[in-house]
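In: Need a 3D model of the sequence below.
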Amino acid sequence: MRRFLLLLLTTLFLTSACASAQQILPHSFAGWTQIGSQAFGASSVPSASGAPGDAASAAVEYGLASGEQASYTQGADRLSVTLYKMKDPSGAYGEYSYQRVPGMKRADFTQHSSVTPDRALVLTGTLVVDIQGKDLTAHTADLKALVSAVAQHTQEGLLPTLWQDLPQKNIVEGTDRYVLGPQTLNQLFPGGIGDSVAFSKGAEAEVARYRVGGHDATLLIVDFPTPQMAEHMLADIKARYNVDGSQPGSGAPPLFAVRSLTLLAVVSGIPSRTEADALLAQVQSGAVLTWDEPTFQFKEPSIEMMIVGAIEGTGVICLFALVAGLAFGGFRLMVKRTLPGKVFDRTSHVELLQMGLASKPINAEDFYGSPDTPTSGTKVDKNLPDRVALRIFR
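Out: Just a heads-up that it's a prediction; the model follows:
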């Protein structure tokens with residue numbers, strides 16, 4: 001029984017220690033003390049606005065890894081903090097844009113942060129922090145301390161840049177949303193065309209609202225890996241939806257679309273093509289298509305150029321041989337004058353390899369001058385026996 005209790009207590013201790021080690025929100029910061037916290041998953045994602053089920057499906061498509069909620073107190077003031085940990089920075093940026101609401105002003109907590117008097121939303125790497133309380137502008141320094149503590153657990157990376165392709169004229173500020181899945185797109189864009197976008201093949205989308213000619217329009221831009229995929233989606237939505245008047249008797253609201261290389265733009269909420277073109281004409285793809293197949297071009301030189309080149313090459317080789325010969329000869333003469341008989345023409349250090357069948361040994365003195373060299377009046381016997389010899393001198 002004691003062993004069982006000991007094992008149970010050990011298991012509970014290790015479980016609590018692991019849970020504490022995985023917690024990202026701090027227990028205290030800048031005088032604020034945590035009074036309660038809980039973790040949540042995709043099935044229980046809190047929603048600042050809209051249906052909770054919509055927030056959960058969007059969090060799943062953005063890649064929610066885990067989440068935390070905690071409450072903090074400082075005297076009579078209270079803060080409610082919700083943290084979303086995503087799988088990558090792109091998903092975190094999408095969750096940040098999804099949670100942001102119109103009317104939130106830019107803040108200086110991080111590059112992407114927004115604030116109202118009672119709410120602050122901060123993106124840092126793979127983490128999104130949602131802070132709610134009263135008169136948050138009076139606690140700016142405290143919120144920066146919280147963001148700094150949370151940022152130690154994040155992973156930085158490249159963020160999406162598709163929002164830069166959205167037209168800025170007549171846009172409703174704070175309504176742009178980055179989309180990575182069909183369910184989120186169906187929440188933000190009317191018509192239910194999310195299933196026609198190939199998100200599983202690398203497509204990404206941005207949605208924003210505009211005021212054009214007294215109409216509240218919604219613009220969708222989708223970026224595909226290839227122009228062929230964009231053209232295929234355009235043909236698909238024309239066949240299934242009332243795009244460019246392709247289904248005039250369906251009663252469905254009209255959609256207007258245009259393709260620019262890998263970018264597809266669709267607008268809803270505008271009754272005529274003329275008014276829609278005023279908005280669609282501002283959408284330009286930033287993609288650049290290049291043809292990088294290697295090519296080879298051979299141009300044969302003229303006969304005059306080949307002859308001149310051969311003469312010049314021969315002259316260079318001859319000049320090199322002349323210079324090298326003069327240099328070697330001059331070096332040899334200089335060494336023989338400064339060190340006579342010590343480097344070249346050494347009679348006492350000549351090695352001889354000889355092959356002969358019947359002859360007297362070959363004497364090196366026969367080839368170099370020495371005191372024993374016969375004088376001019378001495379007779380030399382030149383009738384030496386026939387021999388075959390190979391001499392190699394050093």
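In: gap between the two ends of stretch 208-224?
Out: Using CA to CA, to the nearest Å, the span of stretch 208-224 from its first residue to its last is 18 Å.
In: mean confidence for that stretch?
Out: Taken as a whole, stretch 208-224 has a mean pLDDT of 92.
In: just stretch 341-354 next, same as before
Out: Per-residue pLDDT over stretch 341-354 has a mean of 62.
In: got a list of what S114 touches?
Out: 100, 104-107, 120-121, 174 (CB atoms under 8 Å, 6 or more residues apart in numbering). Using the backbone N, CA and C atoms, a C-beta is placed for each residue, glycine as well.
In: try 10 Å
Out: Residues in contact with S114 (CB atoms under 10 Å, 6 or more residues apart in numbering) are 96-97, 99-101, 103-107, 120-123, 174.
In: same deal with A265?
Out: Counting by CB under 10 Å, 6+ apart, A265 touches 165-167, 206, 219-222, 230, 234, 256-259, 276, 279-285.
In: And G325, how far from L158?
Out: Counting by CB to CB, to the nearest Å, the separation of G325 from L158 is 65 Å.
In: before we move on, what about L64?
Out: According to CB to CB, L64 and L158 sit 20 Å apart.
In: More neighbours: those two, which one.
Out: Neighbour tally, L64 and L158, criterion other CB atoms under 10 Å: the higher count belongs to L64, 22 against 9.
In: can you give me phi and psi for that one?
Out: As for L64, its main-chain torsions (degrees, to the nearest 10) stand at phi -70, psi 130.
In: Go ahead and confirm it touches A39.
Out: No: using CB atoms under 10 Å, L64 makes no contact with A39, being 11.8 Å away.
In: residues in contact with A30?
Out: Under the criterion of CB under 10 Å, 6+ apart, the contact list for A30 reads 72, 74, 139, 141-146, 148-149.
In: Quick one, grab the pLDDT at it.
Out: pLDDT recorded at A30 is 92.
In: how far away is it from A141?
Out: In this view, A30 and A141 are 7 Å apart by CB to CB.
In: Distance from stretch 82-89 to the middle of the chain?
Out: A distance of 21 Å separates the centroid of the chain from that of stretch 82-89, by CA atoms, centre = their mean, to the nearest Å.
In: Give me the buried positions along it.
Out: 82-86, 88-89 (16 or more other CB atoms under 10 Å).
In: Give me the subset of these lying in helices.
Out: Among the buried residues of stretch 82-89, the members falling in helices (DSSP state H) are P89.
In: farthest pair in the buried residues of stretch 82-89?
Out: T82 and D88 (19.5 Å; CB to CB).
In: about what we covered before: possible to save the contacts of A30 as CSV with pLDDT?
Out: As requested, those are exported to CSV (pLDDT from 0 to 100):
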residue, pLDDT
Y72, 96
Q74, 94
H139, 91
A141, 93
D142, 94
L143, 95
K144, 94
A145, 95
L146, 95
S148, 95
A149, 94
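In: In PyMOL, how would I select just the buried ones from those residues?
Out: The PyMOL command for the buried members of the contacts of A30 (criterion: 16+ other CB under 10 Å) is given here:
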select buried, resi 72+74+139+142+143+144+145+146+149
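In: Could I get the contacts of A30 in JSON lines, plus columns for distance to V243 and secondary structure?
Out: Compiled in JSON lines, the contacts of A30 are given as follows (distance: CB to CB, whole Å; DSSP: H, G, I helix; E, B strand; the rest coil):
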{"residue": "Y72", "distance to V243": "50", "secondary structure": "strand"}
{"residue": "Q74", "distance to V243": "55", "secondary structure": "strand"}
{"residue": "H139", "distance to V243": "49", "secondary structure": "helix"}
{"residue": "A141", "distance to V243": "52", "secondary structure": "helix"}
{"residue": "D142", "distance to V243": "51", "secondary structure": "helix"}
{"residue": "L143", "distance to V243": "45", "secondary structure": "helix"}
{"residue": "K144", "distance to V243": "47", "secondary structure": "helix"}
{"residue": "A145", "distance to V243": "51", "secondary structure": "helix"}
{"residue": "L146", "distance to V243": "47", "secondary structure": "helix"}
{"residue": "S148", "distance to V243": "48", "secondary structure": "helix"}
{"residue": "A149", "distance to V243": "49", "secondary structure": "helix"}
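In: low pLDDT regions in the chain?
Out: Counting by pLDDT under 70, the chain shows low-confidence ranges at 1-22, 47-52, 286-298, 344-394.
In: Domains in it, by residue range?
Out: 24-151, 162-280, 296-344, 345-394 (automatic domain parsing).
In: How about the contacts made by the nearest residue to T137 once chain neighbours are set aside?
Out: Spatial nearest neighbour of T137, chain neighbours left out: P117 (6.1 Å); criterion: CB to CB, 6 or more residues apart in numbering. Counting by CB under 10 Å, 6+ apart, P117 touches 105, 133-138.
In: cool, A205 as well?
Out: So A205 contacts 94, 162, 177-182, 184-185, 188-189, 194, 197, 199, 220-224, 264, 266 (CB under 10 Å, 6+ apart).
In: Which of those residues fall within helices?
Out: Under the assignment DSSP H, the contacts of A205 contribute 94, 182, 184-185, 188 to helices.
In: Neighbour-wise, which one of these leads?
Out: G94 (30 neighbours).
In: How much space separates it from A217?
Out: Distance of G94 to A217, computed by CB to CB: 22 Å.
In: about what we covered before: Throw together a PyMOL command that grabs the buried residues out of the contacts of P117.
Out: The PyMOL selection below is limited to those of the contacts of P117 classed as buried (16+ other CB under 10 Å):
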select buried, resi 133+136
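In: wait, which of the contacts of P117 is closest to G249?
Out: Distance ranking of the contacts of P117 against G249, using CB to CB, places K105 first at 46.0 Å.
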